[in-house]
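*Asks:* build me a model:
(chains A and B, ligands or ions: 2)
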Amino acid sequence: MYEKQDYEVIGHSRPRNDAPGQVTGTVQYVCDLHLPGMLYAKPVLSTEHHARILSIDASAALALPGVHCVATSADAPDYCYGVTDHDTPCLAVNKVRYKGEMVACVAAESYALACKAASLVKVEYERLPAVFDPRDALKPGAPVIHDECQGTSYEGNLLLAGPGKTLKLRVGDVDKGFAESDVILEREFCTNPQKPLPIEPFATLAAPDDEGGLTVWSTQQCVFGIAEHVASIVQLPMSKVRMVAPAVGGGFGEKNQVGTEPVTALLAKLTNRPVKLELTTEESLMFTGTKHPMYFTYKLGAKRDGTLVALKWDCVTGCGAYSSVAKLISGKVAFWGAGPYLIPNQWSDVKIACTNKQIGSAMRGFGMGQPTFALEVLMDMLAEELGMDPLELRKKNMFRDGEHMSTGQAIRASGIGLCLDKVAEASGWGK
Amino acid sequence: MKLTFFLNGREVTCDISPEMTLLTVLKELLHVNSVKRACLQGECGACTVIVDGDAMNSCLILAATVGGKHVETLESLGDSQHMHPLQKAFLDTGAFQCGFCTPGFIMSAKALLDKNPHPTEEEIRYGLSGNLCRCTGYVKPLEAVKAYVAAQSDIKVNEDAVQAVKAAAEQMGGAH
Ligand code: FES
Ligand code: FES
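*Replies:* Ligands and ions are numbered 1, 2, ... in the order given. Model prediction:
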């Protein structure tokens, strides 16, 4: 099954179809697209972490010749989008929940004019207390970020995940497991809210077509999933919205969710012109997501010979101001917190907290990296405690074909033993 | 105001406003495809072009200052049928993934090589230091430029050999 064979494609370097275009500069990204009569958009981003919007005055911006529109939530239908929970407006409604949230967006004849107009839009805020650490956000008395969807999507700042509100996994009896353990380690770990930061910032071009529909070119990787939200914002049937993904200038997870498409589509509808919204890197840093920061508490019990007996862990993750992909990511965390190891007794709980930070996004591993970091460091600590070779400790407990994972999934061909042997050999382990 | 400059050897004139950057003129007015727009702060190098021989971030240059000057973009090197050996070197080395940074890297390398055809590794690193790549990293672009330099040196050696043979043949009294 693992025998090396000679294939026509596998094992050989093949030229990439798009490569000649990349080195000659003919590949088109959204920033390279131009349409006749196209307007340039510039966003007005929140300068506050958490605040009530008292007023938005766009009169000075609109007075500039060549400025076609300054869109605010008053121009958008009452619709919020989201992958699992519809909690995200295309422009901030009544309040802002993170610094960088889009409050208004200008469309003008040139980018320079749009920038000037955006700088003239006056937003008056009433600052509200903000919360940044997801653990603080779950404490009683923390400022509540989503007042509207209480009971449906949120309870306080807890994003409700599944019937149990948090993601729970129970296998065997952990108390009994710890009682039978010779060594017990308890440690805390946290991971930071890294930015994906592709070199190409978020950009969208939206253009009305001749048949009453709309075409949207976007830097996102999976544009079709965005069509329904664009359609709801411009109030068209989905069949009238055509989504196009030209070349993507890197994503790293960030370009895996709804971005600037709904607002650009809204501007195209309001002006009846093609509109291009290109963020700068700085705006992208403020507006777009981060890897979900996670706080883990782990307790691991083992026998003297290294056999893992019990694992109890919990995780609090911050989804930022809106839910986006947090539940999907956290599902992966819940499923992967015990790593590729067979542990008979397990107890875990994953909680998602809303904070006044940028919206959490997919990034490199979609929730797999954070628990892997925590557990693998813990495994090294355990090996040290037992005076055991860390590789041996892993081999002793790793997935074996024919067994079941803690979620009940049958392990048929994990290949992990082979992989570990290869890594040990290639890295000169133990030499 | 009117701006006249040379874009890839061709004289162009456009109507600009004083606050426009060269990047804005190249993208918004002239629709040059290869030049990329990203940070607008001189951080990433995606907008790199060559102005009178120097690699520059077009997002940091006021367009009004390039009047009468020569601006080169990746379009000046070659197309997919007739690639410049430097483009070929980036292609063969696989010095890119998403490709968004690639035009900037190639133009920085071009500016370096035009001035210094046999750069050391350190000089190449310095020459490419204004360009950020998030996907591939920096090893492959460095290898691409090194491969190009090595290939050019080989050609030069061969040309020297050809000259030597010719000279020898002439000395022998036109015995060809
Ligand atoms: S866009 Fe000019 S350096 Fe980044
Ligand atoms: S190849 Fe994607 S940024 Fe360099």
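*Asks:* you'd agree A:Lys291 is up against A:Glu254?
*Replies:* No. Shown here, A:Lys291 and A:Glu254 do not form a contact pair, counting by CB atoms under 8 Å, at 9.3 Å. Placement of C-beta: from N, CA and C, glycine included.
*Asks:* can I assume A:Ala107 sits in a helix?
*Replies:* No. Applying DSSP: H, G, I helix; E, B strand; the rest coil, one finds A:Ala107 to be strand, outside a helix.
*Asks:* from chain B, how far out is it?
*Replies:* Distance, A:Ala107 to chain B, by CB to the nearest CB, to the nearest Å: 14 Å.
*Asks:* where do the contact lists of A:Lys291 and A:Glu254 overlap?
*Replies:* Overlap of the contact sets of A:Lys291 and A:Glu254 (by CB atoms under 8 Å, 6 or more residues apart in numbering or on different chains) consists of A:195-196, A:361, A:363.
*Asks:* among those residues, who's most crowded?
*Replies:* Neighbour tally across the shared contacts of A:Lys291 and A:Glu254 (other CB atoms under 10 Å in any protein chain shown): the maximum, 28 neighbours, falls on A:Ser361.
*Asks:* what's opposite it in the beta bridge?
*Replies:* Applying DSSP bridges to A:Ser361 gives these bridge partners: A:Lys291.
*Asks:* ok, the residue of chain B found nearest chain A - contacts?
*Replies:* Using CB to the nearest CB, the single residue of chain B nearest to chain A is B:Ser34, 2.5 Å away. Contacts here follow CB under 8 Å, 6+ apart; on that basis B:Ser34 touches A:24-26, B:73-75, B:103.
*Asks:* could you do A:His292 as well?
*Replies:* Going by CB under 8 Å, 6+ apart, A:His292 touches A:193, A:317-319, A:326, A:329-330, A:360, A:367, A:370.
*Asks:* return the closest of these with respect to ligand 1.
*Replies:* Ligand 1 lies nearest to A:Pro193 out of the contacts of A:His292, by CB to the nearest ligand atom, at 23.7 Å.
*Asks:* the residue lying closest to B:Asn33 once chain neighbours are set aside and ligand 2, how far apart?
*Replies:* Once flanking residues are discounted, B:Asn33 sits nearest to A:Asp32: 5.0 Å by CB to CB, 6 or more residues apart in numbering or on different chains. To ligand 2, A:Asp32 is 15 Å away according to CB to the nearest ligand atom, to the nearest Å.
*Asks:* mind checking the backbone torsions on A:Asp32?
*Replies:* Main-chain dihedrals, A:Asp32, degrees, to the nearest 10: phi -100, psi 0.
*Asks:* wait, a helix at B:Lys140?
*Replies:* Yes. B:Lys140 sits within a helix when classified using three-state DSSP.
*Asks:* need the pLDDT of it.
*Replies:* The model reports B:Lys140 with a pLDDT of 96.
*Asks:* sec struct for the residue most central in space within chain B, please.
*Replies:* Central residue of chain B (CA atoms, centre = their mean): B:Met107, 2.6 Å from the mean position. Following three-state DSSP, the label given to B:Met107 is helix.
*Asks:* buried set for stretch A:123-136?
*Replies:* Residues of stretch A:123-136 classed as buried by neighbour count (16 or more other CB atoms under 10 Å in any protein chain shown): A:123, A:125, A:128, A:130-134, A:136.
*Asks:* adding distance to A:Thr219, write the shared contacts of A:Lys291 and A:Glu254 out as CSV.
*Replies:* Shown next, in CSV, are the shared contacts of A:Lys291 and A:Glu254 (distance: CB to CB, whole Å):
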residue, distance to A:Thr219
A:Lys195, 16
A:Pro196, 12
A:Ser361, 13
A:Met363, 16
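*Asks:* just the residues you listed: which are in strands?
*Replies:* In this view, these that belong to strands under DSSP state E are A:Ser361.
*Asks:* show me which pair in the shared contacts of A:Lys291 and A:Glu254 is furthest apart.
*Replies:* The two members of these with the most space between them (CB to CB) are A:Lys195 and A:Ser361, at 9.1 Å.
*Asks:* any residues in contact with both of the two?
*Replies:* Residues touching both A:Lys195 and A:Ser361 (CB under 8 Å, 6+ apart) are A:254, A:288, A:290-291.
*Asks:* who in chain B is up against ligand 2?
*Replies:* B:96-101, B:133-136 (CB under 6 Å from any ligand atom).
*Asks:* adding neighbour count and secondary structure, write those out as TSV.
*Replies:* Converted to TSV, the residues of chain B next to ligand 2 look like this (neighbours: other CB atoms under 10 Å in any protein chain shown; DSSP: H, G, I helix; E, B strand; the rest coil):
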residue	neighbour count	secondary structure
B:Phe96	25	coil
B:Gln97	18	coil
B:Cys98	23	coil
B:Gly99	29	coil
B:Phe100	27	coil
B:Cys101	30	coil
B:Cys133	25	coil
B:Arg134	19	coil
B:Cys135	18	coil
B:Thr136	19	coil
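*Asks:* for chain A, which helix is longest?
*Replies:* helix A:369-386 (DSSP state H).
*Asks:* may I have it exported as CSV, CA atoms only?
*Replies:* Taking Å, rounded to 0.1, in the frame of the first residue of the first chain, the C-alpha atoms of helix A:369-386 are listed here in CSV:
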residue,chain,number,x,y,z
GLY,A,369,-2.5,24.3,15.1
GLN,A,370,-3.5,25.7,18.5
PRO,A,371,-4.4,22.5,20.4
THR,A,372,-1.6,20.7,18.6
PHE,A,373,0.9,23.2,20.0
ALA,A,374,-0.5,22.9,23.5
LEU,A,375,-0.7,19.1,23.6
GLU,A,376,2.6,18.4,21.9
VAL,A,377,4.4,20.7,24.3
LEU,A,378,2.6,18.9,27.2
MET,A,379,3.7,15.5,25.7
ASP,A,380,7.4,16.7,25.8
MET,A,381,6.9,17.8,29.4
LEU,A,382,5.5,14.4,30.2
ALA,A,383,8.4,12.6,28.5
GLU,A,384,10.8,14.7,30.6
GLU,A,385,8.9,13.9,33.8
LEU,A,386,9.0,10.2,33.0
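*Asks:* nothing else from me, thank you.
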